[in-house]
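[1] Have a look at this prediction, sequence included:
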Amino acid sequence: MRKDKALKAAVCLASLGLLLSINSQTARAEGRYSAEQGVAGITYSLDNYYTSVPMEEAEAAEKALSAILNEEILSPYKNLGVSKADNYVNIRKEPTTESEVVGKLYRGAATDILEWLDGDWVKIQSGDVEGYIASNYLAIGKDAEAMFDEYATKYATVLTTTLNVRKEQSTESKIITQIPDGETYVVVKEYEEWVEILLGSGENSNDNYTGFVKKEDGSTPLVKIDIEFNFAISIEEEKAREKAERERKEKLEEEERRKAEEAARKAEEERKAEEERKAAAKKQNASKKETSSSSSSSESKPTKSSSDVASLQQEIVTYALKFIGNPYVWGGESLTKGADCSGFVQSIYRDFGYKIDRTSREQAVGAGRKVSINERQPGDLIFYTNGSGTVNHVALYIGNDRIVHAANKRQGIITSRYNYRNVYRVRRVVN
């Protein structure tokens with residue numbers, strides 16, 4: 001049953017119950033009410049009720065009904081609250097500002113409401129933290145629902161083999177890509193019959209690349225919608241997280257520096273070796289008094305054996321996976337502080353001594369050599385296009401049908417199925 005139908009039924013039943021509780025004799029005098037009459041029938045009864053009782057009693061009944069509709073029925077978050085603090089509100093062990101702080105409820109974080117206390121305090125349970133906060137920092141009912149739309153994250157998981165993603169909310173609209181069973185996408189906005197999902201962030205602008213998928217095909221669901229809330233964090237957990245994150249970033253930054261120094265050292269060694277080779281060739285040519293253009297013009301790197309290539313490709317993949325969880329930053333090239341999709345793969349390969357172009361559109365043409373999708377290997381670059389066919393995203397293939405990529409601002413650097421969007425091209429940098 002769809003949510004709107006369920007709410008209509010709930011409104012009808014609750015309103016009918018309210019009327020009966022207000023004045024049972026008046027309700028009986030109006031006769032029987034069928035379920036089909038719904039809110040319209042109850043409205044007619046209310047009109048009759050208002051004309052048969054004093055005005056102040058009618059106003060009280062109207063306020064009571066409005067409260068039920070707004071808080072108890074129309075909001076699915078009746079027993080949930082959300083922090084509306086500017087940054088965070090302290091969760092205390094006891095309902096007093098003098099009590100010990102046991103956790104923090106950041107703005108937009110959800111909590112179960114356990115008990116309302118006198119003196120403007122609320123007992124809550126959020127995540128693993130239980131305690132008390134001042135009630136004026138807590139949004140409830142419809143106010144909480146509005147904040148969840150902003151701060152909670154909805155995900156759509158595909159429930160069918162292949163699902164069409166369209167440009168607009170219509171089965172007649174253009175199909176911009178197709179997505180596979182089991183893959184999960186961030187929901188930008190949920191509509192009655194459609195869901196707008198996030199496919200990526202535009203590389204040439206800071207705008208999101210989105211599309212629309214249908215929720216159901218008749219009675220068969222095509223996607224499953226899940227909601228992910230943020231919860232409170234204890235003081236101990238916050239300190240531990242901050243320390244672990246600080247140490248993780250320091251370690252990654254040190255490894256990034258080491259990789260860059262190693263790449264620079266190798267490049268310098270190759271430059272010197274090339275100079276020595278050219279000097280030796282020139283000396284040999286001079287001694288023979290002849291010129292061999294073919295022996296002096298080649299600047300290619302020595303070819304690697306297949307085992308060396310496979311080993312290096314796996315090393316590149318292992319290195320790239322260390323940066324999962326780091327942020328997406330449009331125009332960024334830092335593996336720790338933030339990168340966009342092409343900046344991410346460029347920086348990964350740069351740390352192994354390879355120079356590739358900056359944007360995904362350029363990389364799709366000039367990075368390494370083109371291979372077929374069926375020949376894909378760990379370390380290959382996989383490219384994707386937008387609805388108009390322009391390359392706008394690149395990812396690093398890691399094997400087992402998965403990629404690592406700087407996906408978008410909401411998710412940062414993550415792993416996905418390689419065919420989470422239609423694949424446009426595959427290129428191999430390591431040869």
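    Noted; the coordinates are in hand.

[2] From N326, how far out is K249?
    8 Å (C-beta to C-beta, to the nearest Å). The way it works is simple: take the backbone N, C-alpha and C, and place the C-beta from them, glycine included.

[3] Quickly list what's touching both of the two.
    Common contact partners of K249 and N326 (C-beta atoms under 8 Å, 6 or more residues apart in numbering): T336.

[4] For those two, indicate the residue with more neighbours.
    Between K249 and N326, counting by other C-beta atoms under 10 Å, N326 is the more crowded of the two (22 against 13).

[5] On the three-state scheme, that one is what?
    Reduced to three states with DSSP: H, G, I helix; E, B strand; the rest coil, the structure at N326 is coil.

[6] Next up, the contacts around the nearest residue to it once chain neighbours are set aside.
    In space, and not counting its chain neighbours, N326 is closest to I413: 4.9 Å by C-beta to C-beta, 6 or more residues apart in numbering. Contact partners of I413, counting by C-beta under 8 Å, 6+ apart, are F323, I324, G325, N326, P327, Y328, A339, F344, V404, H405, A406, A407.

[7] try 7 Å this time
    With contacts defined as C-beta atoms under 7 Å, 6 or more residues apart in numbering, I413 is in contact with F323, I324, G325, N326, Y328, F344, V404, A406.

[8] for the last one, phi and psi?
    Here the main-chain torsion angles of A406 (degrees, to the nearest 10) amount to phi -80, psi 100.

[9] Counting neighbours, what do you get for it?
    A406 sits with 33 neighbouring residues when counted by other C-beta under 10 Å.

[10] Likewise for the third one?
    G325 has 11 neighbours, counted by other C-beta under 10 Å.

[11] cool, the fifth one as well?
    Other residues lying near Y328 total 23 when counted by other C-beta under 10 Å.

[12] Any idea what it is bridged to?
    As for beta bridges, Y328 partners with A339 under DSSP bridges.

[13] Assign E253 to helix, strand or coil.
    Following three-state DSSP, E253 is assigned to helix.

[14] for the closest residue to it other than its chain neighbours, what are its contacts?
    Among residues not flanking E253 along the chain, T336 sits closest, at 5.3 Å (C-beta to C-beta, 6+ apart). Contact partners of T336, counting by C-beta under 7 Å, 6+ apart, are K249, L252, E253, E256, N326.

[15] just curious, which of these is nearest to T160?
    Ranked by distance to T160 (C-beta to C-beta), the contacts of T336 are led by N326 at 32.5 Å.

[16] Pull up the gap between the closest one and S347, please.
    Distance, N326 to S347, using C-beta to C-beta: 11 Å.

[17] now do D181
    Using C-beta to C-beta, D181 is found at 33 Å from S347.

[18] And these two? Which one has more around it.
    S347 (21 against 12).

[19] Give me the helix or strand of this protein that scores worst on average pLDDT.
    In the chain, no helix or strand scores lower on mean pLDDT, DSSP states H and E than helix 24-29, which sits at a mean of 31.

[20] wait, I398 sits on V317?
    Yes. Assessed by C-beta atoms under 7 Å, I398 is found in contact with V317 at 4.7 Å.

[21] who touches both of these two?
    Residues touching both I398 and V317 (C-beta under 7 Å, 6+ apart) are P378.

[22] And these two? Which one has more around it.
    I398 (22 against 19).

[23] quick one: Y418 and Y397 touch, right?
    Yes. Contact criterion C-beta under 7 Å: Y418 and Y397 qualify, at 6.1 Å.

[24] what residues do the two have in common as contacts?
    Here Y418 and Y397 share the contacting residues I382, I403, scored by C-beta under 7 Å, 6+ apart.

[25] Could you look up the SS state of G379?
    Following three-state DSSP, the label given to G379 is coil.

[26] Same question for the one 10 residues further on.
    G389 falls in the coil class when you classify it by three-state DSSP.

[27] Number of residues surrounding it?
    The number of residues packed near G389 is 9, by other C-beta under 10 Å.

[28] Now name the helix or strand holding the closest residue to I197 other than its chain neighbours.
    Leaving aside its sequence neighbours, I197 sits nearest to Y185 (C-beta to C-beta, 6+ apart; 4.1 Å). Taking DSSP states H and E as the definition, Y185 sits inside strand 184-190.

[29] Restricting to C-alpha, output whichever helix or strand comes after that strand in PDB.
    Later in the chain than strand 184-190, the nearest helix or strand by DSSP H and E is strand 194-201. What follows is strand 194-201 as a C-alpha-only set of coordinates in PDB (Å, rounded to 0.1, in the frame of the first residue of the first chain):
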ATOM      1  CA  TRP A 194       9.700   8.000  -9.400                       C
ATOM      2  CA  VAL A 195      13.000   8.400  -7.600                       C
ATOM      3  CA  GLU A 196      15.700  10.800  -8.700                       C
ATOM      4  CA  ILE A 197      19.100   9.200  -8.100                       C
ATOM      5  CA  LEU A 198      22.600  10.500  -8.100                       C
ATOM      6  CA  LEU A 199      24.800   9.000 -10.900                       C
ATOM      7  CA  GLY A 200      27.800  11.200 -10.400                       C
ATOM      8  CA  SER A 201      29.200  14.700 -10.100                       C
END
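
[30] State the mean pLDDT of the following helix or strand past strand 194-201.
    Proceeding N to C from strand 194-201, the next assigned helix or strand is strand 208-214, under DSSP H and E. Here strand 208-214 scores 95 as its mean pLDDT.
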